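# coordinates only, sequence not included:
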């Protein structure tokens, strides 16, 4: 028993220290605890207020408990039963009123934050309108005022309000960018949910599906790219540019027949699946294979495209993309050629 207690005494400070260290390891592009936008900061402020109240209550209760244990402990040689006291009107009023006050203190800013979050900016002429559609297991983004549709990378101008309209093409999903805003569901019953957020700083933020939606729910990621106004306008213009197909006529023919029956590039194809325009400029392939030429936080985009195209089910089990070999009849050489073409299809 003594050895166990001594081991616990050594482990307790170590555990507390590690907990404090790990609490500061949140990433700015992913962590709720490192908010990067007004909506996320509002939620974080409420979190800090609630935790502060809980800690204060905890300290008071434990202090009273420690005082009672010490003050009224059995004295040496004491054999008689202590005087039994029950009922104290003043104390009962006190411990009824104090929780009510704490609830009000927490409720007022919570109600204000909820009403502020209810402003979806759908009627704001200066807001960027984006229609978000959840699919198993990818995200589609349509900029309704600009006639642009893309997938997986949500490009937005820094500092502007983005008004979202959320729906789903299949099952229930939940749109979540932890460092920018809270979660919002895409309902399969046809209900349209609306909300908004903004990203004051330029950068790339990671988004996720926060609702279990199938075998590859954990891989249903997307990226939010916050850029300058000039870069956003340039991106829109590039997305509207005519399609650039493979230079090899045979490969271009195969690409049209095998890929453009579901996908679109530029002004060609059908956008039933993810739009492939400018795929070489995106942050990831299939939302989960991060593009990184250094190999530190992912792999080069060409390698990721080959990994995805040669065996989509190994990357995202249960996804609805046809197998390029078995279903579409493409050879390994043709798949590699299409991968090289898409990797080189970058936006200006």
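Here it is on my side, so go on. Everything numeric in this text was worked out from a predicted model, so none of it was measured.
# what residues are up against residue 225?
By Cβ atoms under 8 Å, 6 or more residues apart in numbering, the contact set of residue 225 is 153-156, 203-204, 283. The C-beta positions use only the backbone N, C-alpha and C, and glycine is treated the same way.
# where's the residue of the chain most remote from its centre relative to residue 69, distance?
The centre of the chain is farthest from one residue, residue 77, which by Cα atoms, centre = their mean lies 63.5 Å away. From residue 77 across to residue 69, the span is 19 Å (Cβ to Cβ, to the nearest Å).
# need the contacts of residue 225 in JSON lines with neighbour count, secondary structure and distance to residue 226, can you?
Putting the contacts of residue 225 into JSON lines (neighbours: other Cβ atoms under 10 Å; DSSP: H, G, I helix; E, B strand; the rest coil; distance: Cβ to Cβ, whole Å) gives the following:
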{"residue": "153", "neighbour count": "20", "secondary structure": "strand", "distance to residue 226": "11"}
{"residue": "154", "neighbour count": "22", "secondary structure": "strand", "distance to residue 226": "9"}
{"residue": "155", "neighbour count": "24", "secondary structure": "strand", "distance to residue 226": "8"}
{"residue": "156", "neighbour count": "23", "secondary structure": "strand", "distance to residue 226": "6"}
{"residue": "203", "neighbour count": "15", "secondary structure": "strand", "distance to residue 226": "6"}
{"residue": "204", "neighbour count": "14", "secondary structure": "strand", "distance to residue 226": "8"}
{"residue": "283", "neighbour count": "19", "secondary structure": "coil", "distance to residue 226": "12"}
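# what's the host helix or strand of residue 90 packed up against?
Secondary structure from DSSP states H and E places residue 90 in helix 89-117. Packing contacts for helix 89-117, counted by 3 or more Cβ pairs under 8 Å, 6 or more residues apart in numbering; DSSP states H and E, involve helix 38-71.
# show me which parts of the helix it packs on are buried, residue by residue.
For helix 38-71, the neighbour count (16 or more other Cβ atoms under 10 Å) marks 38-40, 42-44, 46 as buried.
# what is it packed up against?
In terms of contacts (3+ Cβ pairs under 8 Å, 6+ apart), helix 38-71 is packed against helix 89-117, strand 193-197.
# give the buried residues for the longest one.
Along helix 89-117, these residues count as buried under the neighbour rule (16+ other Cβ under 10 Å): 106, 113, 117.
# which strands and helices sit next to the helix or strand that it is followed by?
As assigned by DSSP H and E, the chain's next helix or strand after helix 89-117 is strand 128-135. Counting by 3+ Cβ pairs under 8 Å, 6+ apart, the packing neighbours recorded for strand 128-135 are strand 138-143, strand 153-157, strand 162-168, strand 173-176, strand 184-186.
# just the strands in the stretch 201-348 of the chain please.
203-209, 221-227, 264-265, 268-269, 284-285, 289-290 (DSSP state E, counting those that start in this stretch).
# looking at these, spot the one closest to residue 172.
strand 203-209 (9.6 Å; Cβ to Cβ).
# list the contacts of the closest one.
28-30, 36, 134, 137, 139, 154, 173-180, 199, 217, 220-226, 283.
# now it: mean pLDDT?
The average pLDDT within strand 203-209 is 94.
# ok, it: who's next to it in the sheet?
strand 173-176 (antiparallel), strand 221-227 (antiparallel) (DSSP bridges).
# many thanks, I have nothing further to ask.
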